[in-house]
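In: Show me the folded form of this:
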Amino acid sequence: MRRLPSIFSFLFIILFIISCGGDGGTGPDPNPEPEPESTTGTLEIITSTSGSDKDPDGYTLTVDGADHTLGTDETVTVEDLEEGNYDVELSGLADNCSVDGDNPQQVDITAENTTSATFEISCQEVANNKITFISNRDGDSEIFMMNADGSNPEKVTDNTTDEGQVVISPDGTQIAFTSDRNGNDNLFVMNVDGSEVRQLTHTSDVPDYPTWSANGSQIAFSSSNSGKFDSNWDIYTIKIDGSEFTQLTDNKAPDRSPSWSPEGDKIIFYSGRDGDDELFMMNPDGSGVEKITDNSSEDAVPRWSPDGRKISFTSNRSGDYQIYTMNPNGTDVQQVSNNNAMELFSSWSPDGSEIIFETSRDGNSEIYKINADGSGIPDNLTNHSKYDGLPFWSPIE
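Out: Numbers count the residues shown, from 1 in each chain. Here you go, the predicted model:
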């Protein structure tokens, strides 16, 4: 009977091991540590783009120093952002597009939640490689726009008054032009589709030959100071909101047809201050006037090339008024057109390889295109029985 205690001791040990889980005492902790709470959230960004000529490259979104790419109408999420306040900025917009509302926006990120922010973008139509001109083919002078080969001419304005000289802004989204739509001739600006017409000048003078500054913030133009086309003319500038109307020249002889350089540092114009029409150059504030041409002929209506290396102009130095080009300092004068008709109002293609101009070589005013070096056969772009003239080639290709 001495063996019984040993047996009972052995059974007790086995039961003790089973009650402890058989794992050496490493069973579930009766007081486990709580799981850590999340401190991050998610940001949802939505882009909604309206208008014409949307940016095909999309936009860049910057959040917390990191850049993300998204399309013009897209939703993206940025995850694992720590709780807090963030600046969210949209960049990489094309020149014709802008954000409606705040940019950057401020957003609050809260843990385990999704915060949404929407950027609404408006894009204006761009006159890509388009030509504007004036035509009376509908009975009065209106602004038309056509392709660079003369196809698809479309009316931009439509009223019973006369529109005058027209130029497209450096970014291709706006048009400056003259019009008597409010009774007197004045200077106006509108979008290239004809919308949002704004009157800049409010005088009885007669403005003409508008030209845009390089950054599109100002317009230079010539204007008579008595409201008559045969009176004295001087050159002025004005901001596109109609403010800061500034006179640049003050001469008894006519100073007309300014053209602002692509770099924005010079304005070329023609003047009769030395007895006949010559080309002069000045700074944008009217200082530093310098004569560029000097001969007994008439040199007029200059226009800068897109790269600023050449100037086209009209001259009768060969007997008839023809299109010429030269360097900005007046050297290397080259005759481009060669016809016994009057040819004027030249304008360069965006790449500088071609020039368009108004000509009466067909018996009425038409718009022709020619290689900038004068080679090749000039091409009639309008070919219409009514007046077509005062062309301007958009600087945007």
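In: where's Thr118, which helix or strand?
Out: Applying DSSP states H and E as the criterion places Thr118 in strand 114-123.
In: Give the partner strands of the helix or strand just after that strand in its sheet and their orientations.
Out: Downstream of strand 114-123, the next assigned helix or strand under DSSP H and E is strand 130-135. Sheet pairing of strand 130-135 (DSSP bridges) gives strand 142-147 (antiparallel), strand 388-393 (antiparallel).
In: Which stretch among those is buried most, on average?
Out: With neighbours defined as mean count of other CB atoms under 10 Å, the strands paired with strand 130-135 peak in mean count at strand 388-393, which reaches a mean of 25. For every residue, glycine as well, the C-beta is placed using N, CA and C.
In: mind checking how far it is from the chain centre?
Out: Remark: strand 388-393 is offset 20 Å from the chain centroid, using CA atoms, centre = their mean, to the nearest Å.
In: mind saving the C-alpha coords of that strand as CSV?
Out: Extracted in CSV, the C-alpha atoms of strand 388-393 (Å, rounded to 0.1, in the frame of the first residue of the first chain):
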residue,chain,number,x,y,z
ASP,A,388,-11.3,91.6,-96.2
GLY,A,389,-8.4,93.3,-94.5
LEU,A,390,-6.6,94.3,-91.3
PRO,A,391,-5.4,90.7,-90.6
PHE,A,392,-3.7,89.5,-87.5
TRP,A,393,-2.1,86.1,-87.0
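In: What are the contacting residues of it?
Out: Identification of contacts with strand 388-393 by CB atoms under 8 Å, 6 or more residues apart in numbering yields 129-135, 137, 144, 148, 164-168, 345, 347-350, 356-358, 365-367, 382.
In: sorry, back to before: indicate which one of the strands paired with strand 130-135 is closest to Val156.
Out: The closest of the strands paired with strand 130-135 to Val156 is strand 142-147. By CB to CB, the value is 4.3 Å.
In: Do a quick rundown of the strands in the stretch 1-150 of the chain.
Out: 40-51, 59-63, 66-70, 75-82, 84-91, 97-100, 105-109, 114-123, 130-135, 142-147 (DSSP state E, counting those that start in this stretch).
In: Ok, which of these comes nearest Arg309?
Out: strand 130-135 (21.7 Å).
In: Pick the most buried one from the strands of the stretch 1-150 of the chain.
Out: A comparison of the strands of the stretch 1-150 of the chain by mean neighbour count, using mean count of other CB under 10 Å, puts strand 130-135 on top with a mean of 24.
In: and this protein, what are its domains?
Out: Following automatic domain parsing, one finds the domains of the chain at 40-123, 130-393.
In: Please identify the deepest-packed of the ones you listed.
Out: With neighbours defined by mean count of other CB under 10 Å, none of the domains of the chain is more surrounded on average than domain 130-393, at a mean of 18.
In: Span of that one from start to end?
Out: Domain 130-393 has an end-to-end distance of 6 Å (CA to CA, to the nearest Å).
In: From Phe144, how far off is Asn103?
Out: 36 Å (CB to CB, to the nearest Å).
In: ditto for Val166
Out: Separation of Val166 from Phe144 (CB to CB): 9 Å.
In: joint contacts of the two?
Out: Thr132, Phe133, Ile134.
In: so what's the last one bridging to?
Out: With beta bridges defined as DSSP bridges, Ile134 has these partners: Ile143, Gly389.
In: I'd assumed Pro153 was in contact with it.
Out: No. Counting by CB atoms under 8 Å, Ile134 does not reach Pro153; the two are 11.8 Å apart.
In: Give the bridge partners for Phe269, please.
Out: Using DSSP bridges, the bridge partners assigned to Phe269 are Phe280.
In: Could you pull up the residues touching it?
Out: Phe269 makes contact with Ser222, Ile235, Thr249, Asp255, Arg256, Ser257, Pro258, Ser259, Leu279, Phe280, Met282, Pro302 under the criterion CB under 8 Å, 6+ apart.
In: so can I have a markdown table of the residues you listed showing secondary structure and pLDDT?
Out: Output for those, formatted as a markdown table (DSSP: H, G, I helix; E, B strand; the rest coil; pLDDT from 0 to 100):
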| residue | secondary structure | pLDDT |
| --- | --- | --- |
| Ser222 | strand | 96 |
| Ile235 | strand | 97 |
| Thr249 | coil | 96 |
| Asp255 | strand | 96 |
| Arg256 | strand | 96 |
| Ser257 | strand | 97 |
| Pro258 | strand | 98 |
| Ser259 | strand | 98 |
| Leu279 | strand | 98 |
| Phe280 | strand | 98 |
| Met282 | strand | 98 |
| Pro302 | strand | 98 |
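In: ok, of these, which one's closest to Tyr59?
Out: The shortest approach to Tyr59 among the contacts of Phe269 belongs to Ser259, at 35.1 Å (CB to CB).
In: For the closest one, list the residues it contacts.
Out: Taking CB under 8 Å, 6+ apart as the contact definition, Ser259 lies against Thr211, Ile267, Ile268, Phe269, Pro302, Arg303, Trp304, Ile311.
In: Settle this for me: Ile143 is touching Thr157, isn't it.
Out: Yes. Using CB under 8 Å, Ile143 makes contact with Thr157 at a distance of 4.6 Å.
In: who touches both of those two?
Out: Shared contacts of Ile143 and Thr157 (CB under 8 Å, 6+ apart): Glu163, Gly194.
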